[in-house]
Every structure is written in C-alpha cells, then in structure tokens.
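> dropping a prediction and its sequence here:
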Amino acid sequence: MTLLESVHGPTDVKRMEQGELEQLASEIRSFLVEKVARSGGHLGPNLGIVELTLALHRVFDSPSDALLYDVGHQCYVHKIITGRADGFDLLKQTGGVSGYPSRAESEHDFVENSHASTALSYADGMAKAFQLAGSRRHVVAVVGDGALTGGMCWEALNNIAADPTRPVVIVVNDNGRSYSPTIGGFADHLAALRLQPGYERALESGKRTLQRTPVVGQAVYAALHAAKRGIKDALAPQAMFEDLGLKYLGPVDGHDLVALEAALRRAKAFNGPVIVHAVTRKGNGYAPAENDPADQMHQTGAIDPVTGKPLGPKTTSWTSIFAEELIRAGAERKDVVAITAAMLGPTGLEKFAKAYPDRCFDVGIAEQHALTSAAGMAMAGLHPVVALYSTFLNRAFDQLLMDVALHRQPVTLVLDRAGITGSDGPSHNGMWDLSILGIIPGIRVAAPRDAVTLREEFRESLAIEDGPSALRFSKGAVVEHVPALERVGAVDVLSRPAGSAGSDVLLVAVGAFGELGVAASQRLADQGIGVTVVDPRWLLPVPHELVEMAADHRLVVTVEDNGRHGGFGWALAAALRDAGVDVPMRDLAVPQQFLEHGSRSEVLAQVGLTAQDVARRVTEWVAGRIGEPAPAPADVPAEERKHG
C-alpha cells in the first residue's frame, strides 16, 4: 500500500513524519501526472502547490478552518488530501471530480471559485461572520496564478486590514516571481519577532513616546522608522502589504515543508491578518512541465505521461482561425491593437504579441480595466480587439455599457468559448453573453458557423466605426465550411425543402449550430416536413430580412447555446412582435440553470440540443401547432415552457 492510498482526510496527513511527507509529495505528483494525462486539466499549477497544500492541512483544521483557493484550479492536491482521489479517474468528466472547488463534493470546499480574484472577498466576509458569532475559526485564502492582478483582491485587502483582530491568513502562492526567499537564522528570527503581539505593543509604545518627545522626537522616530523599513525591505520585497496594515511573512520556499509549516504556524498564532508569501515553481517535479516555455503546462489536454506530448490527432480550433485572421488584419491596419486579461495563449493572442509586441496588451486578471482601457484607445484613434473567454465578459458589463457603448467607441469583442464549454463546468459555460450583449444599445453581435464565416465576420466587425461589436464562437474544433445556398441581405440560407415540398418551418440556427440545423432538416424531410434553415450571421440587431422570412412560414424555431432568457430567440420574438408578424415561434436554448461538468456533446445532449432532439421537437410542434394561433403564455404547457 502506498502512502497516498492511506490518505482519506487531513488527519492522516497530520500524523505523518517528515520523511513520509516527502514521499507522499512525490506520490501525489506521480498521481497528478497519471490522472491529468488521461483527461486533461490544470497540471502545472497543481504540481507547484503540493508541499504548500500539505503544510496548510497540517497547520490548519479543515473544515473548521476555512481553506479557500483562488484561482480555484489549484485545488487538485486539496481534493486528494480531503478524500477525493478516487474521483480523479474521471477528472472533469461526468461522474468524476470537478476541476474546481465544489461544495457538492465535500465539506472542505467552501466556494466554487473559478473566476479569479474573489477569494479574499469571500475570506473577508467569512471572517466577519465568524467574529460576530464569537468564533476564533481561521480563514485561509490561497491566492496565486496572477489573481493579485485583479482589482477585487486589493479592495478586499483594504477591508481585511481594517480590523487587526480577525484571523485571516492570506497565502500568496507566487509562481511567477524571480527573487529569492529569505533564508538564514536572522531572517527567521526577525519574521518570528514581527508576529509576536508583544513586539507590536512595544513598537506602538515606542512610537508614541518618541513622537511626544519635544524637538527631537519626530526626527528620531522618522530616522528609526526609515532604518527599520530599509532592513525589512531588503528581506521582504513585498513590503507594500505592510503599507496596507497587513503583517507580511516571507518569501518562503514553497517546496520546503519545514519552512512552510513554521511560517504558517506563526501566521496562525498571530490571530490577525497576515500575508504568507510562498515562492513556488509551476510544474515542479515533472520535467515536461518545468521545460515548457509557454506556461509550464498550465492547462493540458490528454498527454503522454512520459513525454508530455499531446495525444490524438491535431484539430483546427476556432481560436486558431481567429488568431491567424488577427495577424493578417494587423499587417494591413496599424490601428488594430489587441487586449486580453491574463489569457494571451488561450485566446489566441500569443502569435499577434510576437508579431506586434507594441500593439498587444495583457492587462492581467482585470476585465473591467481591459474594456475601459480599450475605450480610451478607441477614443485616441485605434481599433482595439478585446479577446476574452465568454464567461469572463460577465465581469465587465458596466464598462462595456457605460465606457464603451455610451461613447459609441469602435471596440471589437472576441468571445472565445461561447455557449457550452463542458468540462470546466458551470462557471466556464459561456451561456450568458447574448443575454448581456442584448442589453447594450447599438452593439452588433455576430456568431460565425464555421471557419469561413469566422474570418468574414471578424473583418466585418473591424469595419464598424460607430460603436462596439462582438464576435462569439464556441470551444473545440471548427468546421471549415458549411456552405450557403444563397445570401439574402445579411442572412445565409443553408437549406431549403427539396422539390415541391412546402416550406413549413423556418429553422434559425445560431453560430456553430448551422451544421446541426442542416442535419435536423434532413431528418424532418424524411417525415415530409419542409424546413428552411438559415444562419442570421449577425444576431443583433436582428436582421430585417429574417423577420420578412419568418412571415412566409407557418412556424419559426430558433436553436442556440445561450441561456433561453434574453437569448437570440427572445430578441427575434421581440422583432416579430414589433413588425406585427404573428407566426408561431419556439426557441430551443440552454435552460436557465448551472450545468455540471461533462463533455460539450454530453451537456448538449442533456439539455436537448442535438439534431435528433431538434427534429423530434419540431415534429411535435408541427403536428400540434401549425396553422393554429400562437397560445398566450399562460396556456403554454409546463413541459413546453421548460424546454422551449
């Protein structure tokens, strides 16, 4: 039996001797490589946090003490220690563990945070609640992988520092800094001294005495304070934390279990807000990750565990098509610049950054700043392209509305991973972007169905100069071409009934569902139902040609992978009402609920968004509704309201 097999909870780790802990750390790394290689996941960050997580669980008492991980993808080791190792056989797959903290999985997970820079605000709130309840429970927030570049962190730090009696320990998991940890007896002694309550009382007493001394008191105090700060700054490069009123301890070697435990025990004993700065190496202990020049295998698909090389055939992604087209646009137009929020590689901007380093800006985990900075660039004559994951647009709604759209600035949003992403779970599904964008006055929104229309619609977005535009596309492999029979104004007609069959149904397929719409129409044709399939290309504002087409059909059905509330179906229904078109309409979309992790195809099947599902629902509607007046909302059966 391995040591790892004997770990069923934090108590098992607390009992181990130093030599056993080092062996356990090695076994955990081997386990991570084996499991992540099979399914994909965040490998580099978790290889780098093994010793730190072990030390946290030895010093603190989870779940009595709350351990919060920000960004949440660095929680794999925490999950292993808290008894969930068996779930890693299906990591990020249906029936397995999530790639992020999950309250449904364990009492040891308090927040399901995969949108970065939130843990410190959670910690502030929990610490206040524990204090009001008369409890001395500690709250520990592990902040890493760039989360401190997010503005929320600094807002939270300001509040955490406001009360020196609340026991909040902030562990900065620093895997991106180059300075060395403080080492040696003097540094260790100084760190221990700084966190003694008596030291704080002596400092305050001396400060008051000196400042009251006539004539020379202020000058002596200033000189001594400067000398103290000079020594401390040399030993602790992050002195800015102490400027906020937070005690600072470190840097500590994040792979030295003895040093980590000593630092964390001091922080715990201080019983107030403390920063513990641990310097770790992303990908530590796995050569392919350590030697990965891009991001130390931050996130991988399935790989060969020995070589670290990707498995399976290489496919062309939506992201790669966008990346190529952006570089072409950059070569043609010097005013085109690119912005992202700590997602240079995942959003496809890496190649643009290499080609035009002075025209590409990674602002860190700061989507709000990204949008307003883009507005400023546009005001000064540039055309910014802001590339984000769709789910992270949620964080910058106010800036898009008031800073970009209100000023009618030509900013192009490129929203990667729109719709159902699948394996990253509810926080990463991009099922809210159309609902958000539909509120923005004057915005134009496109949804390409294939590689050809992605290139085309991106170029069209760059030609818009009187307001913002957005381009949304899904995760995964892209189809090169779903051909159109013709273009009617702005709308592509993908399929029409064959021969003399009547056109009973107008099926409006949004974005990547173009191919699905054509497949569904073929199934329906076999049942004698004539279907015209169209791709609106530009969803917002709704093309007037689409409204005119709807008037010529007996039933209109929309298919999209946005949430049903506020999605394209809602926008089209409003446009039909405004035009006085009374044709019956149904919308097939994602239900308004948080969807658990699984593959994209599995999740789409669960919510009834496959060609077979679409054909079945249309058949039911044709049989029962065509030619009848559209029912009032109160008359719609519950099942129909639920599914579209």
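Perfect, thanks for sending it. Numbers count the residues shown, from 1 in each chain.
> per-residue pLDDT of H42, please?
Predicted confidence (pLDDT) for H42: 89.
> got any ranges where this structure has weak pLDDT?
Where the chain drops to pLDDT under 70, the residues are 145, 176-240, 499-502, 625-644.
> so what's E51 up against?
Taking CB atoms under 8 Å, 6 or more residues apart in numbering, we find E51 in contact with A25, G254, H255, D256, L257, L260. (Glycine included, C-beta is placed from N, CA and C.)
> in TSV, list those along with distance to I339, neighbour count and secondary structure.
As requested, those are exported to TSV (distance: CB to CB, whole Å; neighbours: other CB atoms under 10 Å; DSSP: H, G, I helix; E, B strand; the rest coil):
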residue	distance to I339	neighbour count	secondary structure
A25	39	20	helix
G254	31	30	coil
H255	35	19	coil
D256	38	18	coil
L257	41	20	helix
L260	37	25	helix
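> skipping adjacent residues, who's closest to the residue nearest the centre of the chain in space?
In the chain, the residue lying closest to the centroid (CA atoms, centre = their mean) is H115, at 4.7 Å. The shortest distance from H115 to any non-neighbouring residue, by CB to CB, 6 or more residues apart in numbering, is to S427 (6.1 Å).
> which residues of the stretch 251-400 of the chain fall in strands?
Applying DSSP state E, counting those that start in this stretch to the stretch 251-400 of the chain gives strands spanning 274-279, 336-340, 360-362, 383-389.
> a markdown table for these, including distance to F130?
What follows is the strands of the stretch 251-400 of the chain, written out as a markdown table (distance: least, CB to CB, whole Å):
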| stretch | distance to F130 |
| --- | --- |
| strand 274-279 | 16 |
| strand 336-340 | 37 |
| strand 360-362 | 37 |
| strand 383-389 | 34 |
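> format those as JSON lines; extra columns: mean neighbour count and distance to S39.
As requested, the strands of the stretch 251-400 of the chain are exported to JSON lines (neighbours: other CB atoms under 10 Å; distance: least, CB to CB, whole Å):
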{"stretch": "strand 274-279", "mean neighbour count": "26", "distance to S39": "28"}
{"stretch": "strand 336-340", "mean neighbour count": "24", "distance to S39": "26"}
{"stretch": "strand 360-362", "mean neighbour count": "21", "distance to S39": "28"}
{"stretch": "strand 383-389", "mean neighbour count": "26", "distance to S39": "20"}
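> any idea how many residues pack against D398?
11 (other CB atoms under 10 Å).
> for the stretch 101-250 of the chain, what spans make up the helices?
Residue ranges of the helices in the stretch 101-250 of the chain, as given by DSSP state H, counting those that start in this stretch, are 119-132, 151-160, 185-194, 197-212, 217-235, 240-243.
> next SSE downstream of the longest strand anywhere in the chain?
If you go by DSSP state E, the chain has its longest strand at strand 555-563. Past strand 555-563, further along toward the C-terminus, the next helix or strand under DSSP states H and E is helix 568-578.
> buried ones in that following helix, by neighbour count?
Residues F568, G569, W570, A571, L572, A573, A575, L576 are the ones in helix 568-578 that count as buried (16 or more other CB atoms under 10 Å).
> ditto for stretch 132-145
Quick answer for stretch 132-145 (16+ other CB under 10 Å): R137, H138, V139, V140, A141, V142, V143, G144, D145.
> among these, which two are most distant?
Farthest-apart pair in those is R137 and D145; separation 26.0 Å (CB to CB).
> put the alpha carbons of stretch 406-417 into CSV.
Extracted as CSV, the C-alpha positions of stretch 406-417 are listed here (Å, rounded to 0.1, in the frame of the first residue of the first chain):
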residue,chain,number,x,y,z
LEU,A,406,-22.3,55.0,-24.3
HIS,A,407,-19.4,56.7,-26.0
ARG,A,408,-20.0,54.7,-29.3
GLN,A,409,-16.4,53.6,-29.4
PRO,A,410,-15.3,51.1,-32.1
VAL,A,411,-14.2,48.2,-29.9
THR,A,412,-14.4,44.6,-31.1
LEU,A,413,-15.0,42.0,-28.5
VAL,A,414,-14.0,38.4,-29.4
LEU,A,415,-15.7,36.0,-27.1
ASP,A,416,-14.0,32.6,-27.1
ARG,A,417,-15.7,29.5,-25.6
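> what separates that stretch from the chain centre, distance-wise?
Counting by CA atoms, centre = their mean, to the nearest Å, stretch 406-417 is centred 19 Å from the centre of its parent chain.
> just the buried positions in that stretch, please.
Q409, P410, V411, T412, L413, V414, L415, D416, R417.
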